[in-house]
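J.: no sequence for this one, just the structure:
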Ligand SMILES: NC(=O)C1=CN([C@@H]2O[C@H](COP(=O)(O)OP(=O)(O)OC[C@H]3O[C@@H](n4cnc5c(N)ncnc54)[C@H](O)[C@@H]3O)[C@@H](O)[C@H]2O)C=CC1
Ligand SMILES: O=C(O)CCC(=O)C(=O)O
């Protein structure tokens with residue numbers, strides 16, 4: 001960082017105490033912008049950076065619901081609208097016990113640049129609650145979602161703020177959330193939430209989009225090095241929406257997926273994960289340690305991460321700061337060629353430095369995982385026009401968008417003397433788009 005951006009960062013830390021993930025996300029972006037600020041002095045005069053790092057609005061609310069024994073339970077809900085310069089606030093909801101205001105702010109901040117990169121007219125937001133869906137019955141999840149939406153509904157809408165899924169929020173939760181929204185507002189405003197089931201206005205490919213998009217980005221990155229995914233080995237972390245669909249597309253494109261994980265440990269199948277078995281386990285909402293019961297040569301390694309398994313390709317797809325410097329050193333020593341962040345901010349800054357120094361092709365989450373939100377924009381488009389696109393058409397749109405995001409990052413990095421640095425390319429391209437819109441909109 002320059003003395004100027006370091007001063008801005010210090011002020012953000014002072015104004016937003018005890019939000020380390022938010023500070024980290026801001027530091028990474030500010031650290032990339034030096035070449036831009038040197039060329040566009042007027043952006044400093046307009047105090048664009050300070051304005052961009054302050055959320056436009058933050059909502060925090062009580063969520064009370066009853067468990068299966070009739071006992072009232074209490075959680076805290078959040079929704080942060082970070083920037084509406086490019087369009088309505090857009091971003092997912094995370095239900096996980098670790099969620100704090102700082103978590104939601106870091107995620108919403110990342111969303112600004114990601115959504116700008118899609119070129120689809122999306123502002124940035126994120127939300128969630130410290131609710132833990134693990135072990136909760138279907139009825140409990142439904143009552144929690146209804147209670148959460150009973151407050152959230154007044155802050156969202158197809159032209160205001162459009163939530164979607166994230167950790168702990170998938171098609172089931174979005175169905176319950178939309179059901180309550182529809183009941184309270186007396187409107188079938190399908191474009192208020194994305195990631196819905198197909199029967200209630202969801203788009204084909206939205207479920208698969210983030211994982212597929214990560215894989216399309218990897219494909220494009222390897223192509224610049226004259227390489228392909230065919231015949232490569234891959235490891236992933238997580239075993240949720242992003243990880244399982246990235247695994248499926250990697251498999252389709254000829255890679256062998258050796259491992260995935262959850263918060264309790266790593267599943268390693270040296271002959272390649274059986275995706276049908278994984279699907280069966282996930283559908284039954286069972287844990288990964290059930291896999292070796294069905295595929296006896298596989299091992300579940302409690303308390304471990306996948307990063308010491310030798311592989312060509314790595315896709316961290318669970319959560320923030322899950323891959324640190326020592327993991328990066330282990331992966332690099334074991335022959336890693338490319339890494340794409342499926343999760344938001346899964347690699348620590350020190351890990352990213354290791355990959356950069358080793359010349360590993362590194363794709364930051366805000367570019368590599370943008371396929372999810374991009375397909376949400378395609379869902380909004382279909383909801384607005386009442387059209388229904390088929391799976392291959394939607395997938396084709398997604399693949400094109402991911403190639404365009406890849407090319408934008410690469411070209412922008414080149415133009416700003418950071419050749420091959422996808423992080424710099426993503427941050428600079430996203431920032432310039434939002435800065436242009438903010439300048440056009442006037443001081444607000
Ligand atoms: N669902 C989407 O469309 C998008 C998701 N993402 C990001 O991808 C990541 C994964 O999200 P989803 O697959 O949607 O969620 P999910 O709820 O379907 O799966 C999350 C997975 O991560 C694991 N996990 C969660 N917290 C963990 C922790 N503290 N330590 C270790 N493992 C943990 C869970 O066991 C699970 O396997 C998140 O960082 C999310 O922000 C990014 C873009 C879009
Ligand atoms: O589809 C969306 O609106 C949001 C996806 C999301 O939360 C993300 O990109 O991290």
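T.: Here it is on my side, so go on. Note that the structure is a prediction, hence the values are computed from the model and not measured. Ligands and ions are numbered 1, 2, ... in the order given.

J.: first vs last residue of stretch 81-92, how far apart are they?
T.: 11 Å (CA to CA, to the nearest Å).

J.: near ligand 2, which residues of this protein?
T.: 90-92, 114, 164, 166, 194, 344, 369, 372-373, 376 (CB under 6 Å from any ligand atom). Just so you know, the C-beta spots here come from the backbone N, C-alpha and C atoms, and that holds for glycine as well.

J.: who wins for most neighbours among these?
T.: residue 91 (33 neighbours; other CB atoms under 10 Å).

J.: who's in contact with it?
T.: By CB atoms under 8 Å, 6 or more residues apart in numbering, residue 91 lies in contact with 107-108, 111, 115, 124-127, 163-164, 166, 373.

J.: avg pLDDT for stretch 316-332?
T.: Computed over stretch 316-332, the mean pLDDT rounds to 98.

J.: quick one: the strands in the stretch 101-250 of the chain?
T.: Remark: strands assigned in the stretch 101-250 of the chain by DSSP state E, counting those that start in this stretch are 124-129, 161-164, 233-236.

J.: and residue 359, how far from ligand 1?
T.: 26 Å (CB to the nearest ligand atom, to the nearest Å).

J.: show the pLDDT at that residue.
T.: Reported pLDDT for residue 359: 97.

J.: same check, this time on residue 34
T.: pLDDT, residue 34: 87.

J.: and the one 3 residues further on, by the same measure?
T.: Among the per-residue scores, residue 37 shows a pLDDT of 89.

J.: quick one: name the residues of this structure near ligand 1.
T.: 165-168, 170, 210, 238-243, 262-263, 317-319, 322, 342-344, 369, 372.

J.: now with 5 Å, please.
T.: Contact residues (CB under 5 Å from any ligand atom) of the chain with ligand 1: 166-168, 210, 238-242, 262-263, 318-319, 343-344, 369, 372.

J.: in helices, which of these appear?
T.: 210, 241-242, 372 (DSSP state H).

J.: could I get these as CSV with distance to residue 20 and pLDDT?
T.: Shown next, in CSV, are these (distance: CB to CB, whole Å; pLDDT from 0 to 100):
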residue, distance to residue 20, pLDDT
210, 25, 98
241, 26, 97
242, 23, 98
372, 25, 98
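
J.: any idea how far residue 305 is from residue 408?
T.: Going from residue 305 to residue 408 by CB to CB, to the nearest Å gives 31 Å.

J.: residue 55 contacts residue 105, doesn't it?
T.: Yes - taking contacts as CB atoms under 8 Å, residue 55 lies within contact range of residue 105: 6.4 Å.

J.: which helix of this structure spans the most residues?
T.: helix 391-415.

J.: tell me the buried residues in that one?
T.: 394-395, 397-399, 401-402, 405-406, 408-410, 412-413 (16 or more other CB atoms under 10 Å).

J.: from residue 363, how far off is residue 372?
T.: Taking CB to CB, one finds residue 372 at 14 Å from residue 363.

J.: and the residue of the stretch 1-150 of the chain closest to ligand 2?
T.: residue 92 (2.6 Å; CB to the nearest ligand atom).

J.: quick one: what helix or strand has that residue in it?
T.: strand 89-95 (DSSP states H and E).

J.: how far off centre is that strand?
T.: 10 Å (CA atoms, centre = their mean, to the nearest Å).

J.: for residue 344, see how far away the closest residue to ligand 1 within the chain is.
T.: Residue of the chain nearest ligand 1, by CB to the nearest ligand atom: residue 240 (1.8 Å). To residue 344, residue 240 is 13 Å away according to CB to CB.

J.: try residue 312
T.: 24 Å.

J.: likewise residue 199?
T.: 29 Å.

J.: can you report how many residues neighbour the closest residue to residue 327 other than its chain neighbours?
T.: Excluding the flanking residues, the one nearest residue 327 by CB to CB, 6 or more residues apart in numbering is residue 307, at 3.8 Å. Residue 307: 25 surrounding residues under other CB under 10 Å.

J.: ok, residue 116 next?
T.: Neighbours around residue 116, by other CB under 10 Å: 30.

J.: pretty sure it contacts residue 434?
T.: Yes - Residue 116 is within contact range of residue 434, at 5.1 Å (criterion: CB under 8 Å).

J.: overlap of the contact sets of those two?
T.: residue 86.

J.: show me where the stretch 151-300 of the chain has helices.
T.: Using DSSP state H, counting those that start in this stretch, the helices of the stretch 151-300 of the chain run over 171-185, 206-223, 241-252, 275-283, 291-294.

J.: wait, which of the ones you listed is closest to residue 158?
T.: Residue 158 sits nearest to helix 171-185 of all those, at 10.9 Å, using CB to CB.

J.: buried sites along that closest one?
T.: Within helix 171-185, judged by 16+ other CB under 10 Å, the buried ones are 171, 173-178, 180-182.

J.: look up how far residue 358 lies from the residue nearest to residue 198 when sequence neighbours are not counted.
T.: Spatial nearest neighbour of residue 198, excluding adjacent residues (CB to CB, 6+ apart): residue 204 at 6.8 Å. Distance, residue 204 to residue 358, by CB to CB: 39 Å.

J.: give me the more crowded residue out of those two.
T.: residue 204 (20 against 14).

J.: could you look up the SS state of the residue nearest to residue 327?
T.: Following DSSP: H, G, I helix; E, B strand; the rest coil, the label given to residue 307 is helix.

J.: got the contact list for it?
T.: 235, 237, 314, 323, 327-328, 330-331.

J.: now do residue 373
T.: Counting by CB under 8 Å, 6+ apart, residue 373 has contacts 90-91, 111, 114-115, 118, 122, 164.

J.: a markdown table for these, including pLDDT?
T.: Converted to a markdown table, the contacts of residue 373 look like this (pLDDT from 0 to 100):
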| residue | pLDDT |
| --- | --- |
| 90 | 99 |
| 91 | 98 |
| 111 | 98 |
| 114 | 98 |
| 115 | 98 |
| 118 | 98 |
| 122 | 98 |
| 164 | 98 |
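
J.: out of these, which comes closest to residue 421?
T.: Looking across the contacts of residue 373 and measuring by CB to CB, the closest to residue 421 is residue 114, at 17.0 Å.

J.: surely that closest one touches residue 367?
T.: Yes - the pair residue 114 / residue 367 is scored as a contact, 7.3 Å apart, by CB under 8 Å.

J.: shared neighbours of the two, anything?
T.: Contacts common to residue 114 and residue 367, judged by CB under 8 Å, 6+ apart, are residue 426.

J.: hang on, the earlier thing: save the buried residues of helix 171-185 as JSON lines, and put in pLDDT too.
T.: Shown next, in JSON lines, are those (pLDDT from 0 to 100):
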{"residue": "171", "pLDDT": "97"}
{"residue": "173", "pLDDT": "98"}
{"residue": "174", "pLDDT": "98"}
{"residue": "175", "pLDDT": "98"}
{"residue": "176", "pLDDT": "98"}
{"residue": "177", "pLDDT": "98"}
{"residue": "178", "pLDDT": "98"}
{"residue": "180", "pLDDT": "98"}
{"residue": "181", "pLDDT": "98"}
{"residue": "182", "pLDDT": "98"}
